[in-house]
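# Fold the following.
(one chain, ligands or ions: 1)
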Amino acid sequence: MPADFYEEEDFQGQFKGNVFKRILDLMRPHWPWVLGFLICVIIVSILDAYFTYLSKQIVDRGIVNKDINALQQILVNYGILILVQAAAVFGFVFLVGVLGERVRYDLRQSLFNHLQRLSLSYFSRTPVGWIMSRVTNDTERVAELVTWGVLDSTWGVINILTSVIFMLVIDWRLALIVIAILPFLFYVAVQFRKRILEQFRNVRKINSKITASYNENISGVRVVKALGREDENLREFGEQTSAMRKAGYRAAWLSALFLPSVQIISAVGLGGIIWYSGATVGSGTFSIGSLQAFITYMTSMLWPIQDVARVFAEMQRALASAERIFSLVDTTPEILDKPGAFDPGTIRGEIQFEHMYFWYEDELPVIKDLNLTIQHGETIALVGSTGGGKTTIVNLLCRFYEPKRGRILIGGHDYTDLSLQAIQSRIGVVLQTPHLFSGTIRENIAYGRLKASQQDIEAAAKLVGADHFIQRFEHGYDEQVGEGGVLLSVGQKQLISLARAVLSNPEIFIMDEATSSVDTLTESMIQKGMEAIMQDRTSIIIAHRLSTIKTAHRILVIEDGQIAEMGNHAELLKLKGKYYNLYTRQFRFEREDAYNIFKENNQANLSAG
Ligand SMILES: Nc1ncnc2c1ncn2[C@@H]1O[C@H](COP(=O)(O)OP(=O)(O)OP(=O)(O)O)[C@@H](O)[C@H]1O
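From the prediction side, this is the model:
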C-alpha cells in the first residue's frame, strides 16, 4: 500500500512550477468566466478602499467645512457606488460558483476518461482508495484553489494595493510607515496559518487512527477478550488520545495567539499614524478625515492580509493535490494501439499462442512457453490447481495484458497489430463473481448493447434460462439489482451476465465458471445457458466444477503456467493422470457432501420424531 494511501498523508514533494502552470491551464478554457469574476473582484476591492476615502471627504468637506452641498453629492455618489458594488458582489459569487463547477466537471471527466483507458495492470498495482481519493478529495481541493483561493487572494491583494494607493494619495509619508509594516504582518500571518493548519491536520490524522482503533477493538472484541489484551489495548489507545489532546491544545493555543499578534503589529502602525498626525497637527497639513481614513485603512487591511495568508498556507496542499491528479492523468496505459492498428472486421478464426511467456513482476514467469492452437468454434476448458495461470491465460487473450515473449495470433494476425477495440468488443467475458452495475436488470443485460430492444433482451434472457426468475420479481426486467447486484444471488447474477454476453453476441466467449457457491439447480441452469452461448463460438471456460465440462472439445490441465495434460474428458480419464485425480477427488467430495446432507437430514428427522 503506498504511503499516501490515506487522505491525510503528509506531502513530501517539492513545489514544481509546472504544476502551477497546469493549474492555470485548467482555467484557460473558461477565460470569459475568469475574466468576469476578476473584473467583479477588482471593482469590489477598489470600491472598498474608495468608500474609506469617501468617508474622509464626508468628515473634511461635509462635517468640518459644513458644506451641505458637498455632503449631499458625496452621499449620492456613495449610494450609486454601493449599488455597483452590490452588483459586482453578486457577479463574483455567481461567476466563481460557475467556474468552480466547470473546473470540477473538466477534472472529473478527464480523470474518469483516463481511468477507463488505463490498463488492468494499473488497477492491480494501485489501491482503489488511492484512486478514489484523487477523484474526490484532490479534485475538490484543486477546484477550491482555482476558485475561492484565486478569489480571496485577488480580493486581498487588490484591496491592499488600492488602500496603499489611496493612502499615498492622502499622505505619502504616512503611507510609507504602513508599507513598512505590511511585510511583517504578512509574514506573521502566513507563519501562524501554516502552523495552525499543521496542528489541525495532526488532529485529524490521529483522529482517523483512533476511529480505526475503536473499529478494530469492537469488531475483534472476542479475540481481545480471549487473549486478555484489554490492558495493553487501553495503554495503546491512551497514547493516541493524549497525542490528540496535545495536538488539540497546540492548535487552540496557536489560534488564540494569532489574532492578538497580528493586532499588536498593526497597533504599532496605528501608533505611528497617531504620532505623526500629532506631530503635524500644528502645520494643518493633516486633516481629521485623513487621520480617520488612515486608521480605517490600517485596521481593515487585517482581513485581506489574513485571507491572502490563508490561501498561501493552504496552497502547498492544493498543489500537492494537483500534482497527484496530474500524476494520474500522466500515467500512460501500458497497452495501447500500435500506430496503424486495424480492425479486421471479425476475429473469428484460429487462435494461436506461440511460445508465449508472461510475468507480472520481476521476470518470474507465470506462463512458460505456452503453445496452443484453438480452432474456430472449439470449446476449451481450462482446469488445474489454484494459481496455475488459467485466469492469466484468459486475461492475455482479452489483451488486458500482453505476452512478454512469444505472441498470440487471432485469425492469422499478431493480435498486437489489431486495435484493442477490434478485439475487446468481440469477446464476451463472464466472470466468476459477475459484476452487475446499479440499475435495473434490463439495463444490466443491455450494458454492452445499449440500443437493444426489449424483445432482444428477453430473448437473450430466455436463451440462458434467466427469464423465469426475472419474471417472478415484482418489477420484472425493471427490478433494481442494487449496488454491484447485492439484491441478487450469485447464481442469478451469473445468469444475467450470461444473458448480457448473449445479447452482445461475442465471437469469442470466455467464462470463469462459478465455484460451489451455487446450488445444483442453478448450476444446471447456468450449464444450459453456457451451452446456448457456446453454439458456433470459440469458447474458453475456466472450470471449477469438472462435471460441467465433460462436453468440452478439449480440456487443458494448467499447472505452473504450462499445459500439463490435454485431451477430452474420456481421453484424460483413461490417462489416469492429473485430470483423473482432480476429477475423482471432486467426485468423491461431492458424493461425501451429498451423503453428509442426507445424514444431517435423517438425524434432524429422527430428533424431531
Ligand atoms: N495482478 C497480479 N500481479 C501479480 N501476480 C499475479 C497477479 N495476478 C495473478 N498473479 C499470480 O500469477 C499466478 C497465476 O495466477 P492466476 O490467477 O492466473 O491463476 P489461476 O490458475 O487462475 O488461479 P485460480 O484458480 O485461483 O483463479 C499466481 O501465482 C498469482 O499469484
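# Need the phi and psi values for the residue in the stretch 201-350 of the chain that the ligand sits nearest to.
As assessed by C-beta to the nearest ligand atom, the ligand sits closest to E334 within the stretch 201-350 of the chain, at 12.3 Å. (Each C-beta comes from the backbone N, C-alpha and C, glycine too.) The phi/psi pair for E334 (degrees, to the nearest 10) reads phi -70, psi -30.
# List the residues that contact the closest residue in space to it that isn't next to it in sequence.
Nearest residue to E334 in three dimensions, chain neighbours excluded: S119, at 4.2 Å (C-beta to C-beta, 6 or more residues apart in numbering). Counting by C-beta atoms under 8 Å, 6 or more residues apart in numbering, S119 touches P333, E334, I335, F400, Y401.
# In CSV, list these along with secondary structure.
As requested, the contacts of S119 are exported to CSV (DSSP: H, G, I helix; E, B strand; the rest coil):
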residue, secondary structure
P333, coil
E334, coil
I335, coil
F400, coil
Y401, coil
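# filter these to the buried ones?
The neighbour-count test (16 or more other C-beta atoms under 10 Å) applied to those identifies F400, Y401 as buried.
# Please enumerate the strands of the stretch 501-609 of the chain.
508-512, 538-542, 554-559, 562-567 (DSSP state E, counting those that start in this stretch).
# Sheet-wise, list the partners of the third one with their directions.
Put plainly, it is strand 554-559. strand 379-383 (parallel), strand 562-567 (antiparallel) (DSSP bridges).
# And for it, what's in contact with it?
Contacts for strand 554-559 (C-beta under 8 Å, 6+ apart): 372, 378-385, 388-390, 393, 543, 549, 563-569, 572, 577-579, 582.
# Close to the ligand as well: tell me which of these qualify.
Residues of these in contact with the ligand (C-beta under 6 Å from any ligand atom): G384, G388, G389, K390.
# I figured the second one hits K578, correct?
Put plainly, it is G388. No. Applying C-beta atoms under 8 Å as the test, G388 and K578 come out as separate, 10.4 Å apart.
# Of the two, which one has the most company?
Between G388 and K578, G388 has the larger neighbour count (other C-beta atoms under 10 Å), namely 20 against 17.
# follow-up on the earlier one: looking at per-residue confidence, what score does the residue of the stretch 201-350 of the chain closest to the ligand get?
For E334, the model assigns a pLDDT of 85.
# for it, what are its contacts?
By C-beta under 8 Å, 6+ apart, the contact set of E334 is S119, S121, Y122.
# List of residues touching stretch 401-414?
119-121, 335, 344, 346-359, 365, 367, 369-370, 392, 395-397, 415-416, 418, 423.
# For ChimeraX, what selects the buried ones among these?
Per 16+ other C-beta under 10 Å, the buried members of these correspond to this ChimeraX selection:
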select :119,121,344,347,348,349,351,352,353,354,356,357,358,359,365,367,370,392,395,396,397,415,416,418,423
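# quick one: which of the contacts of stretch 401-414 sit in helices?
L120, S121, T392, N395, L396, L397, I423 (DSSP state H).
# Just the closest of those residues to the ligand, please.
Closest to the ligand, out of all of the ones in helices among the contacts of stretch 401-414 and judged by C-beta to the nearest ligand atom, is T392, at 3.3 Å.
# contacting residues for that closest one?
F358, V366, I367, Y401, G561.
# May I ask which helix or strand of the chain has the lowest mean pLDDT?
In the chain, no helix or strand scores lower on mean pLDDT, DSSP states H and E than helix 578-608, which sits at a mean of 64.
# that older thread, for the strands paired with strand 554-559, give me TSV that also has mean neighbour count.
As requested, the strands paired with strand 554-559 are exported to TSV (neighbours: other C-beta atoms under 10 Å):
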stretch	mean neighbour count
strand 379-383	24
strand 562-567	17
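# got TSV for these, with distance to L54 too?
As requested, these are arranged in TSV below (distance: least, C-beta to C-beta, whole Å):
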stretch	distance to L54
strand 379-383	84
strand 562-567	88
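# I'd like to know which of those strands lies nearest to A143.
Judged by C-beta to C-beta, the one of these that comes nearest to A143 is strand 379-383, at 47.4 Å.
# I'd like to check what contacts that closest one. Which residues are they?
By C-beta under 8 Å, 6+ apart, strand 379-383 touches 374, 390, 393-394, 534, 538-543, 546, 549, 551-558, 579, 582.
# let's see 6 Å
374, 390, 534, 539-543, 549, 552-558 (C-beta atoms under 6 Å, 6 or more residues apart in numbering).
# Separate out the buried members of the residues you listed.
374, 390, 534, 539-543, 549, 552, 554-558.
# where's the residue lying closest to Q562 once chain neighbours are set aside relative to K225, distance?
Spatial nearest neighbour of Q562, excluding adjacent residues (C-beta to C-beta, 6+ apart): K368 at 5.4 Å. Distance of K368 to K225, given as C-beta to C-beta, to the nearest Å: 49 Å.
# Those two: which is more packed in?
Neighbours per residue (other C-beta under 10 Å) separate K368 from K225, with K368 holding more: 15 against 10.
# if I read this right, that one contacts I563, doesn't it?
No. If you go by C-beta atoms under 6 Å, K368 and I563 don't touch, sitting 10.1 Å apart.
# Keep only those of the ones in helices among the contacts of stretch 401-414 that are also close to the ligand.
T392.
# can you list the strands of the stretch 501-609 of the chain in TSV and add mean pLDDT?
Putting the strands of the stretch 501-609 of the chain into TSV (pLDDT from 0 to 100) gives the following:
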stretch	mean pLDDT
strand 508-512	88
strand 538-542	92
strand 554-559	94
strand 562-567	92
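# can you redo these as JSON lines with distance to S266?
Listed next are these as JSON lines, based on distance: least, C-beta to C-beta, whole Å:
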{"stretch": "strand 508-512", "distance to S266": "70"}
{"stretch": "strand 538-542", "distance to S266": "73"}
{"stretch": "strand 554-559", "distance to S266": "77"}
{"stretch": "strand 562-567", "distance to S266": "79"}
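# if we can go back for a sec, next step: the ones next to the ligand among the contacts of strand 554-559 restricted to helices.
Going by DSSP H, the helices hold K390 from those.
# Of all the strands paired with strand 554-559, which one comes closest to L488?
Counting by C-beta to C-beta, L488 lies closest to strand 379-383 out of the strands paired with strand 554-559; the figure is 26.3 Å.
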